[in-house]
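S.K.: fold the following and give me the result.
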Amino acid sequence: MGNDIAPSFDASIKAIKETLPVNLQSPRVGVICGSGLSGLVDIFRDVVLVPYENIPGFSKSTVPGHKSALAFGFLGAGEGVPVVAMLGRFHPYEGHSLSSVVYPVRVMAKLGVKDIIITNAAGSLNPLIPVGTIVVIHDHLALPNLTGMNPLLGPQTSLDLPRFLPLSDAYSPALRRLAFLAAYHLQLEESALAEGTYAWVSGPTYESPAEGRFLRRAGADVVGMSTVPEVLAAREEGLNVMVLSLVTNFVVIPETYRSIREEVLAELEGKKVELPKAEIVSHEEVLLIGKEKARVMRKLVERVVETL
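M.R.: The predicted structure is shown next:
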């Protein structure tokens, strides 16, 4: 799936610019669209789509709800801000190498992007953050990073980049501020947005109850299978980063476990046993909530871009 040996960035840039008018060749803002959020392109003006298959070094997204193209266009009033959006991202669980996962972010930086807005669909670990909330991420917990699955492992793509990247400032306070100002001007309810910590897990499985409980106790508010690799590459490239996580489901974390032993003993005593309904999470649920909240996310991103 992935490309372990990245091609020349020059080849990627050349292939992209050959398809674009001059006024779109140097986008100011980059956007990565998560599950069900590719509809953001509907509010772009003068849109030009560049399929991933036409760009050397790009892979193909295989996840339902993800397209496989870069969208270039203008956002905002007046002449607008030139923007490039990834309609579909790459995940390690699809078989892509980490260098392939973050390759588009590096290409965005080389095209001239200064600020990047990364969106995703996430599960809530925090009972105070309900489904439908947009969480402005202020920190992350990335177990894969801590255990040898870090996208910055290996030779550097450029000796001009930092070898040891600090992450205490990974999420731009200035961009996060714009998100809350945008929500105010859009007259969204105060509960529409929250702040929190994002946990990155490799996927493709949803978390077990014990894993969810562990992540919650470790300080994470939401959990997902993407985003952190792109954040690391973006920060290494010097971009300002904002992450918006749309909560599409609650992680299943029961207070107690069902006791099969007690059920069997009750049956043996002739008692009627009420079997609890099993709680599960589905990708269809994720896409449904993403579709329902897509308009709010689009307006929020548009307003932030306008004020940059």
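S.K.: what average pLDDT does the helix or strand Leu265 falls within get?
M.R.: Per DSSP states H and E, Leu265 falls inside helix 260-268. Per-region confidence: helix 260-268 scores 93 on mean pLDDT.
S.K.: got the contact list for that helix?
M.R.: 273, 275 (CB atoms under 8 Å, 6 or more residues apart in numbering). No exception for glycine: its C-beta is placed from N, CA and C like everyone else's.
S.K.: let's go with 6 Å and repeat that
M.R.: Val273 (CB atoms under 6 Å, 6 or more residues apart in numbering).
S.K.: and the next element down the chain from it?
M.R.: helix 283-307.
S.K.: pretty sure Arg258 sits in a helix.
M.R.: No. Arg258 sits outside any helix when classified using DSSP: H, G, I helix; E, B strand; the rest coil, being coil.
S.K.: sketch out the helices for this structure, chain order is fine.
M.R.: Counting by DSSP state H, the chain has helices at residues 9-17, 98-111, 143-146, 173-185, 209-217, 228-236, 260-268, 283-307.
S.K.: any idea which of the ones you listed scores lowest on pLDDT?
M.R.: Checking each of the helices of the chain, the one with the poorest mean pLDDT is helix 283-307, at a mean of 83.
S.K.: next, the angle from that one to helix 173-185.
M.R.: Orientation check (axes from the mean of the first three to the mean of the last three CA atoms, to 10 degrees): helix 283-307 against helix 173-185 gives 100 degrees.
S.K.: pull out the buried positions in helix 283-307.
M.R.: Under the neighbour-count criterion of 16 or more other CB atoms under 10 Å, helix 283-307 has 283, 286-287, 289-290, 293-294, 296-306 buried.
S.K.: which other helices and strands does that helix contact?
M.R.: strand 115-124, helix 173-185, strand 240-250 (3 or more CB pairs under 6 Å, 6 or more residues apart in numbering; DSSP states H and E).
S.K.: residues contacting Leu215?
M.R.: 125, 199, 223.
S.K.: where does the stretch 1-150 of the chain dip in pLDDT?
M.R.: Confidence mapping of the stretch 1-150 of the chain against pLDDT under 70 gives the ranges 1-7, 35-37, 64-66.
S.K.: try 90
M.R.: In the predicted model of the stretch 1-150 of the chain, residues 1-8, 33-43, 59-68, 76-79, 88, 148 satisfy pLDDT under 90.
S.K.: circling back to that earlier point, want to throw the contacts of Leu215 into JSON lines with distance to Gly112 and neighbour count?
M.R.: Formatted as JSON lines, the contacts of Leu215 follow (distance: CB to CB, whole Å; neighbours: other CB atoms under 10 Å):
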{"residue": "Leu125", "distance to Gly112": "37", "neighbour count": "27"}
{"residue": "Ala199", "distance to Gly112": "32", "neighbour count": "27"}
{"residue": "Val223", "distance to Gly112": "33", "neighbour count": "24"}
